[in-house]
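Participant: Prediction below, plus the sequence it came from.
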Amino acid sequence: MKISVFLFLTGIISIYAGNSYSQTTRISLDLRETTVGEVLTNIENQSEFYFLYSNKLVDVNRKVSLRAKNKPVSNILDHLFADTDVRYVVFDRQIILSPEEMLKKTIEQQNVLPQGIVVTGKVTDEDGNPLPGVNILIKGTLAGAITNPDGNYSIEVDDPDAVLVFTFIGMLTQEIKVGDQTEINITLALDVIGLEEVIAVGYGTQRRSNLTGSVSDIKGDKLTRRNSMQTADALQGIAPGVNISSSSGQPGSQSTVRVRGIGTLTIGASASKNDPLVLIDGVEGNMNDVEPSNIESISFLKDAASGAIYGSRASNGVILIETKRGKKEELFVSYNTNMGFQVPTDMIEFTGGYEYMTGYNEALENEGKMPIFDPEYIQNWQANHPSGEYPSVDWLDVVLKDAAFQQKHSLTVNSGSNKVTNLATLTYLDQKSVMPNTSFSRYGIRSNTDIQATDRLHFRLDIKGSTSENLQPSQGEQLWYQLYRAKPNQQDMLPDGRYGVGYANINPLAIANDGGVSEGKRKTGTINAKADYKLFDNFIIEFTFAPTYTL
């Protein structure tokens, strides 16, 4: 259980010393590149401990790697919060986290607290049921109490002007001034915001309040604010337990997505076997084929329970993408564009012709071999002769461009009546590269139609199509190899405008500009037709037909 307020109980220090449960309980963990919050969740799942902390005071999104085998929780927490100002105290099965200075200050306040007013009471929900575990905090301090299984509490305050803050997960927070009251009974109302939020899960959708599996949910507006060319790239750093990496800067290249690390052994097999299962509106697909502006939400099913219906295909996690639908009785047109430049963050600096030849000769002499460059010949470079005869070429600077332009445009039209709605989107993506004659472009169309035939019968027809083109020099990635092998004392262009003869008769500049182009085209189309009939409440029969075409 995660509670976003901090609770300090009078006398916890003395109780902590005699806490046998924390001394006898052992925890085993093996987590890599996860968050502090995930570590705390794993501890709660393996034990009866639960943590109390403030998200504003404790950084639970900090990335950590942790391995522990049969260790007491104190050892794990000492390692987890080493080199930070966070400290902890244990009260029975409750562990409280707080910055050290604030914890010391509260302890000092408790030691000098004068005899005050004892306030008792009971906390219930709107139906009159007692609420155990409600936090009662004296506002402006860390002193507080917690309700027992019957919803009762008792707390001592030293000032009639003190304000008690009542908080509980899923309930609206209440603040009550003590005044001359010695008994304060509180009824907490349900906070429907968040708990009523619908999340896509394996069998369809579910309210967040009923969710028990490990599911992360990302709203589409977070993706559109990130200005990424590809959907996978827009997910970097915003989905807990999901790692996005890219091994290539090639336009149109696919990023690698891992949900909670690697779940499949790939000895002698393709690394793609560790890719999660991606379902777009219930149909398997590639997340990069969906524009971020078309996405309503993305759910990550990360554990065995949440992805159970997919069997072994869920061993590496499941990603459920829900696209946006048309709105009833609305007509609007929206246009979004994203343009910018990609610039290499770092480039290798090579030596000039003179430094290259002197260094090469020196290396040969160190091995007891004869130098291959005549010293008099080398002096011509040092004497700064015309480059046409004695070149000193920086091949990366000659071949590559300083920046690559990229652009993305989308036009969306929403139309609908009370019975029929449609959302249609046209998209265009164009990515250039710093390598000449290298680019990726894609045109796409998506149409989502909903028809409410009767109160019980609903039809849904989604049509998606795209055509993409990938261009690169004929030698592909081999050209980069030739580029790094090229010698700085070889000419790129002769004075008469012809290409020079490069290393092993290969001139990377000639290959990049005039060595031919490799062209790859891909056309895809998907039809997702559904009909669902509500036989009676909570029982819906659904029929789906979803062919996919790729050329």
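Facilitator: The structure has been received and is ready for your questions.

Participant: What residues are recorded as beta-bridge partners of residue 519?
Facilitator: Counting by DSSP bridges, residue 519 is bridged to residue 471.

Participant: give the contact list for it.
Facilitator: Applying C-beta atoms under 8 Å, 6 or more residues apart in numbering, we find residue 519 in contact with 469, 470, 471. To be clear about C-beta, it is placed using only N, CA and C from the backbone, and glycine gets the same treatment.

Participant: Next, count neighbours for the second one.
Facilitator: Translated: residue 470. Residue 470 has 19 neighbouring residues, counting by other C-beta atoms under 10 Å.

Participant: Residue 153: which element?
Facilitator: In this assignment (DSSP states H and E), residue 153 forms part of strand 152-157.

Participant: how about that strand: buried residues?
Facilitator: Counting neighbours by 16 or more other C-beta atoms under 10 Å, one finds that the buried residues in strand 152-157 are 153, 155, 157.

Participant: ok, so of the residues you listed, who is nearest residue 294?
Facilitator: Nearest to residue 294 among those: residue 153, at 49.6 Å, using C-beta to C-beta.

Participant: now that closest one, nearest residue through space, not along the chain?
Facilitator: Using C-beta to C-beta, 6 or more residues apart in numbering and skipping residues adjacent in sequence, the residue nearest residue 153 is residue 147, 4.6 Å away.

Participant: hang on, isn't the one you found packed against residue 125?
Facilitator: No. With contact defined as C-beta atoms under 8 Å, residue 147 and residue 125 do not form a contacting pair (11.8 Å).

Participant: okay, the two: which has more neighbours?
Facilitator: Each of residue 147 and residue 125 has its neighbours counted (other C-beta under 10 Å); residue 147 has more, 23 against 17.

Participant: so how far is residue 155 from that one?
Facilitator: 10 Å (C-beta to C-beta, to the nearest Å).

Participant: Ok, residue 83 next?
Facilitator: The value you get for residue 83 to residue 155, if C-beta to C-beta is used, is 35 Å.

Participant: for residue 475, same thing?
Facilitator: 76 Å.

Participant: same check, this time on residue 546
Facilitator: From residue 546 to residue 155 the distance is 58 Å (C-beta to C-beta).

Participant: For the stretch 251-400 of the chain, give me the ranges with low pLDDT.
Facilitator: Along the stretch 251-400 of the chain, segments meeting pLDDT under 70 span 263-272, 304-308, 384-388.

Participant: rerun that using 80 as the cut-off
Facilitator: Low-confidence segments of the stretch 251-400 of the chain (pLDDT under 80): 260-274, 302-315, 380-390.

Participant: would you list every one of the helices in it?
Facilitator: In the stretch 251-400 of the chain, the segments counted as helices under DSSP state H, counting those that start in this stretch are 353-366, 375-382, 395-399.

Participant: again with the stretch 101-250 of the chain
Facilitator: Counting by DSSP H, counting those that start in this stretch, the stretch 101-250 of the chain has these helices, from start to end: 192-195, 220-224, 231-234.

Participant: Compare the ones you listed and say which comes out lowest on pLDDT.
Facilitator: The minimum mean pLDDT among those belongs to helix 192-195 (a mean of 48).

Participant: which SS state does residue 65 fall under?
Facilitator: Secondary structure state of residue 65, per DSSP: H, G, I helix; E, B strand; the rest coil, is strand.

Participant: Model confidence score at it, please.
Facilitator: On the pLDDT scale, residue 65 is placed at 85.

Participant: likewise residue 445?
Facilitator: Value for residue 445, per-residue pLDDT: 95.

Participant: cool, residue 210 as well?
Facilitator: Predicted confidence (pLDDT) for residue 210: 42.

Participant: just residue 473 next, same as before
Facilitator: Residue-level pLDDT assigned to residue 473 equals 92.

Participant: what sits against it?
Facilitator: Neighbouring residues of residue 473 by C-beta under 8 Å, 6+ apart: 435, 436, 437, 438, 479, 511, 512, 515, 516, 517, 518.

Participant: Of those residues, which pair is most distant in space?
Facilitator: 435 and 516 (14.0 Å).

Participant: out of the two, which sits in the more crowded spot?
Facilitator: Applying other C-beta under 10 Å to residue 435 and residue 516 shows that residue 435 carries more neighbours, namely 22 against 10.

Participant: so who does that one touch?
Facilitator: Residue 435 is in contact with 399, 400, 401, 472, 473, 479, 480, 512, counting by C-beta under 8 Å, 6+ apart.

Participant: Can you give me the pLDDT of the third one?
Facilitator: With respect to pLDDT, residue 401 has a value of 91.

Participant: about what we covered before: joint contacts of residue 147 and residue 155?
Facilitator: With C-beta under 8 Å, 6+ apart, residue 147 and residue 155 have common neighbours residue 136.

Participant: show me where the stretch 451-551 of the chain has helices.
Facilitator: 478-485, 508-514.

Participant: Out of those helices, indicate the one that is most buried.
Facilitator: Most buried of the helices of the stretch 451-551 of the chain, by mean neighbour count (mean count of other C-beta atoms under 10 Å): helix 508-514, with a mean of 19.

Participant: Show residues contacting that one.
Facilitator: Residues from elsewhere that reach helix 508-514 (C-beta under 8 Å, 6+ apart): 395, 398-399, 435-437, 473-475, 479, 482-483, 486, 492-493, 499, 502.

Participant: Can I get the buried residues of strand 152-157 in a markdown table including pLDDT?
Facilitator: What follows is those, written out as a markdown table (pLDDT from 0 to 100):
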| residue | pLDDT |
| --- | --- |
| 153 | 92 |
| 155 | 89 |
| 157 | 88 |
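
Participant: Now render these as a markdown table, adding distance to residue 524.
Facilitator: Putting the buried residues of strand 152-157 into a markdown table (distance: C-beta to C-beta, whole Å) gives the following:
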| residue | distance to residue 524 |
| --- | --- |
| 153 | 61 |
| 155 | 63 |
| 157 | 66 |
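
Participant: What residues does residue 95 make contact with?
Facilitator: With contact set as C-beta under 8 Å, 6+ apart, residue 95 has these partners: 49, 50, 51, 52, 73, 77, 88, 89.

Participant: rerun at 6 Å
Facilitator: Counting by C-beta atoms under 6 Å, 6 or more residues apart in numbering, residue 95 touches 49, 51, 88.

Participant: List the beta-bridge partners for it.
Facilitator: Beta-bridge pairing for residue 95 (DSSP bridges): residue 51, residue 90.

Participant: how far away is the residue lying farthest from the centre of the chain from residue 49?
Facilitator: In terms of distance from the mean C-alpha position of the chain, residue 376 ranks first, at 59.4 Å (C-alpha atoms, centre = their mean). Residue 376 sits 79 Å away from residue 49, going by C-beta to C-beta.

Participant: what domains does the record give for the chain?
Facilitator: Domains of the chain are assigned by automatic domain parsing as 2-187, 195-323, 325-352+393-551.

Participant: and among these, the most buried is which?
Facilitator: Neighbour counts (mean count of other C-beta under 10 Å) averaged over each of the domains of the chain peak at domain 195-323, with a mean of 17.

Participant: Tell me the gap between that one and the middle of its chain.
Facilitator: 9 Å (C-alpha atoms, centre = their mean, to the nearest Å).

Participant: Then stretch 133-145?
Facilitator: Relative to the centre of its chain, stretch 133-145 is centred 34 Å away, using C-alpha atoms, centre = their mean.

Participant: Can you get me the start-to-end distance on it?
Facilitator: Start and end residues of stretch 133-145 are separated by 9 Å (C-alpha to C-alpha, to the nearest Å).

Participant: ok, now stretch 173-186?
Facilitator: Note: stretch 173-186 ends 11 Å apart using C-alpha to C-alpha.

Participant: Please renumber the chain so that the first residue is 594 from this point on.
Facilitator: Got it, first residue is 594 now, which makes that one stretch 766-779.

Participant: what sits up against stretch 1047-1056?
Facilitator: If you take C-beta under 6 Å, 6+ apart as the criterion, stretch 1047-1056 is touched by 874, 1040-1045, 1120-1127.
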